[in-house]
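>>> predicted model follows, preceded by the sequence.
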Amino acid sequence: MKDTSYVRVDMLPEQAPPISQSGAVKWVRENMFGSITDSILSLLAIYFLYSLLSSVLPWIFQSSWNAESLGECREAIAAAYGEGVTGACWAVIRERWLQLLFGFYPSELYWRPIVAFVLMLVAIAPVLYSALPRKMLWFSAIYPFLAFWLFWGGTIWTPLAVIAGFVLGFACIAVLPRLIGSLGATVAAILVPIIWWVFLTGPIILGLNQVSAGLMRDGYIQSAQSQIETYQATLDSGTLTASEATTVSNSRNEAERNLVSAIALPELEATLVTLEEAATLAEGTDAEVEALDAYTSALSGLRIVYAEVGRIGPKPVESALFGGFMLSIVIGVTGIVLSLPIGVLLALGRQSDLLIVKSICVGFIEFIRGVPLITLLFVASVLLNYFLPPGTTFDIILRVMIMVTLFSAAYMAEVVRGGLAALPRGQYEAADALGLDYWKAQRLIIMPQALKISIPSIVGNFIGLFKDTTLVSIIGLLDPVGLSNSIRADQDWNGIVWELYGFIAFMFFIFCFSMGRYAMYLEKKLRTGH
């Protein structure tokens with residue numbers, strides 16, 4: 001009898017899922033054509049993108065990269081693609097991209113900002129990625145002073161004097177609480193570095209330059225003489241173009257002036273002593289004013305000689321030569337790095353039970369948030385010097401950094417305060433139950449959670465701050481936007497607009513997009529699921 005079974009004995013082989021239920025077709029059907037409304041909106045969006053790209057892409061790719069002016073660009077495009085075709089003149093980017101990146105920074109010193117940028121990536125790596133060795137944070141702490149020295153050059157005493165101010169502040173925190181209490185120590189930790197930087201740093205640096213100038217004078221004279229001979233031999237060779245000859249001639253003249261100053265250094269010091277004695281003897285008379293003016297002028301000139309002859313470090317670069325994306329990165333990174341800790345302190349101060357601390361923090365935050373950034377930049381550019389001691393010089397870029405940092409810190413304080421307010425009360429009670437003091441509770445329990453909650457808003461503030469650096473063009477600093485105006489003022493490139501702004505927008509997009517992607521990575525890494 002034949003056995004009949006109603007149950008399948010052999011399994012059917014696996015088959016691919018229906019094309020409508022997998023892959024790109026499924027994604028398109030679910031996300032673009034899931035309903036009549038979605039289908040209409042998707043078709044309209046596709047039509048809009050097609051209309052936009054069909055106009056923009058030919059303009060981007062039917063372009064010219066090799067030209068010396070806008071007129072040559074148009075002729076090259078017409079010859080390559082036909083009369084009446086309009087295309088981008090990327091030749092202006094090819095010719096001026098170094099200027100857009102570095103401004104008017106001396107070309108022979110480009111290596112300094114490049115090295116500073118590479119070291120910045122090394123310095124922020126242990127801050128952004130916890131898997132790296134924690135000992136690298138020591139370099140992260142030293143990097144700001146090293147970067148300042150690389151960008152601006154000059155004597156090594158300047159960054160060391162700034163570091164000394166921070167050391168004094170930490171010493172106040174470590175030693176004074178036992179003597180005057182924690183509040184007095186905190187106030188002293190703020191005031192002592194400020195007094196050091198404003199009133200003591202200048203005379204100390206001058207004295208160190210004076211000592212090193214006396215020790216290095218003979219070697220400096222020999223070096224200057226050798227430079228002058230090299231420049232003169234280069235000029236006599238007759239192989240230079242007119243512009244190169246002008247550059248070499250200017251360098252030779254500068255070396256000659258420095259040589260004369262170095263040789264006359266003892267006479268300059270003697271003249272300064274004589275003028276000081278004359279000002280002392282003329283006290284109370286009309287001659288005192290003239291003697292003091294002569295003494296101040298001689299002292300200023302002698303400081304320049306000391307700074308050049310006794311310089312232990314790279315050649316100084318004036319802030320007026322800074323520009324382009326280098327300037328935007330310097331201001332933006334400084335504001336980003338400093339505004340977060342200052343904002344955290346302001347947020348904690350706003351929640352403090354101490355009336356004075358709370359009032360100061362609330363007043364600062366509300367004042368800064370109520371004033372446009374451009375107003376603060378004008379204050380930094382014009383008014384800040386009126387509040388400094390007479391004869392004090394304060395670099396314009398440093399003033400802008402301070403104002404941008406304070407502006408961002410006020411907004412950062414409110415972002416952090418929102419994260420603190422979002423924490424359950426039980427987290428504070430848990431810290432108290434563990435017997436932690438205020439600062440340990442904030443560092444180990446409260447602040448890590450508050451900052452994790454606030455990551456999207458913090459990164460949004462950082463991105464906005466970096467883009468706001470373009471406002472410095474209004475006070476005369478040549479950021480990329482300011483440089484684009486200078487380039488368009490050139491007769492050869494008069495009429496160039498979209499190419500320059502497109503390149504600037506693309507570079508800003510790279511930086512801002514990178515910050516946004518890192519924020520997404522950090523949120524995913526810190527996600528706890530509860």
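Now that the structure is in, tell me what you want to look at. All values derive from a computational prediction rather than experimental measurement. Numbering: from 1, shown residues only.
>>> after the strand or helix carrying residue 305, which helix or strand is next?
Using DSSP states H and E, residue 305 falls within helix 286-309. Going down the chain from helix 286-309, the next helix or strand is helix 324-350, by DSSP H and E.
>>> how about the contacts made by residue 452?
419, 526 (C-beta atoms under 8 Å, 6 or more residues apart in numbering). For the C-beta atoms, the positions are set from N, CA and C on the backbone; glycine is no exception.
>>> which strand or helix spans it?
helix 447-453.
>>> next, the buried residues of that helix.
Using 16 or more other C-beta atoms under 10 Å as the test for burial, helix 447-453 gives 447, 449, 450, 451, 453.
>>> which residue is the nearest non-sequential neighbour of the last one?
The shortest distance from residue 453 to any residue that is not its chain neighbour, by C-beta to C-beta, 6 or more residues apart in numbering, is 4.3 Å, and that residue is residue 419.
>>> measure the residue nearest to the spatial centre of the chain to residue 324 for me?
Centroid-nearest residue in the chain: residue 330, 2.0 Å away (criterion: C-alpha atoms, centre = their mean). Taking C-beta to C-beta, to the nearest Å as the measure, residue 330 falls 10 Å from residue 324.
>>> what residues does the residue nearest to the centre of the chain make contact with?
So residue 330 contacts 151, 322, 397, 401 (C-beta under 8 Å, 6+ apart).
>>> quickly find the element holding the last one.
By that I understand residue 401. Residue-wise, residue 401 maps onto helix 396-422 under DSSP H and E.
>>> roughly how far is that helix from the heart of the chain?
Here helix 396-422 is found 15 Å from its chain centre; the criterion is C-alpha atoms, centre = their mean, to the nearest Å.
>>> just the buried positions in that helix, please.
396-417, 419-420.
>>> and for stretch 83-93?
87, 88, 89, 90, 91, 92, 93.
>>> average model confidence for that stretch?
The pLDDT scores in stretch 83-93 average 89.
>>> which other helices and strands contact the top helix by length along the chain?
Secondary structure assigned by DSSP state H gives helix 201-236 as the longest helix of the chain. On a contact count with 3 or more C-beta pairs under 8 Å, 6 or more residues apart in numbering; DSSP states H and E, helix 201-236 meets helix 157-175, helix 242-263, helix 265-281, helix 286-309.
>>> related to what we said a few turns ago, who touches both of residue 330 and residue 324?
With C-beta under 8 Å, 6+ apart, residue 330 and residue 324 have no common neighbours.
>>> which residues of the stretch 251-400 of the chain score low on pLDDT?
275-292, 295, 384-393 (pLDDT under 70).
>>> thought residue 92 was touching residue 501?
No - taking C-beta atoms under 8 Å as the definition, residue 92 is not a contact partner of residue 501, at 11.4 Å.
>>> so what's residue 211 up against?
Residue 211 touches residue 310, counting by C-beta under 8 Å, 6+ apart.
>>> before we move on, the earlier item: and the longest helix of the chain with helix 242-263, angle?
130 degrees (axes from the mean of the first three to the mean of the last three C-alpha atoms, to 10 degrees).
>>> quick one: helix 201-236 to chain centroid distance?
On C-alpha atoms, centre = their mean, the centre of helix 201-236 falls 31 Å from that of its chain.
>>> buried ones in that helix?
Buried-residue list, helix 201-236, by 16+ other C-beta under 10 Å: 201-202, 205-206, 208-210, 212-213, 216-217, 220-221, 224, 227-228, 231, 234.
>>> quick one on the thing from earlier: and the contacts of residue 330, which is closest to residue 121?
Nearest to residue 121 among these is residue 151, at 15.7 Å by C-beta to C-beta.
>>> distance check, the closest one against residue 303.
Counting by C-beta to C-beta - residue 151 and residue 303 are separated by 21 Å.
>>> neighbour count winner among those two?
More crowded of residue 151 and residue 303, by other C-beta atoms under 10 Å: residue 151, with 20 against 16.
>>> contacting residues for that one?
112, 113, 116, 317, 322, 330.
>>> will you turn these into a markdown table that also has distance to residue 477?
Shown next, in a markdown table, are the contacts of residue 151 (distance: C-beta to C-beta, whole Å):
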| residue | distance to residue 477 |
| --- | --- |
| 112 | 19 |
| 113 | 16 |
| 116 | 18 |
| 317 | 14 |
| 322 | 7 |
| 330 | 11 |
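>>> with these in mind, which one is nearest to residue 357?
residue 330 (31.9 Å).
>>> ok, the closest one to residue 76 distance?
Counting by C-beta to C-beta - residue 330 and residue 76 are separated by 37 Å.
>>> now residue 162
Distance from residue 162 to residue 76, by C-beta to C-beta: 52 Å.
>>> of the contacts of residue 330, closest to residue 265?
The nearest one, if we look at the contacts of residue 330 relative to residue 265 and count by C-beta to C-beta, is residue 151, at 28.3 Å.
>>> element containing the closest one, please.
With DSSP H and E as the criterion, residue 151 is inside helix 137-152.
>>> likewise residue 8?
Counting by DSSP H and E, residue 8 is part of no helix or strand.
>>> and the pLDDT for it?
pLDDT, read off for residue 8, is 70.
>>> need phi/psi at it.
phi -70, psi 130 (degrees, to the nearest 10).
>>> what is the burial count for it?
Residues near residue 8, counting by other C-beta under 10 Å: 7.
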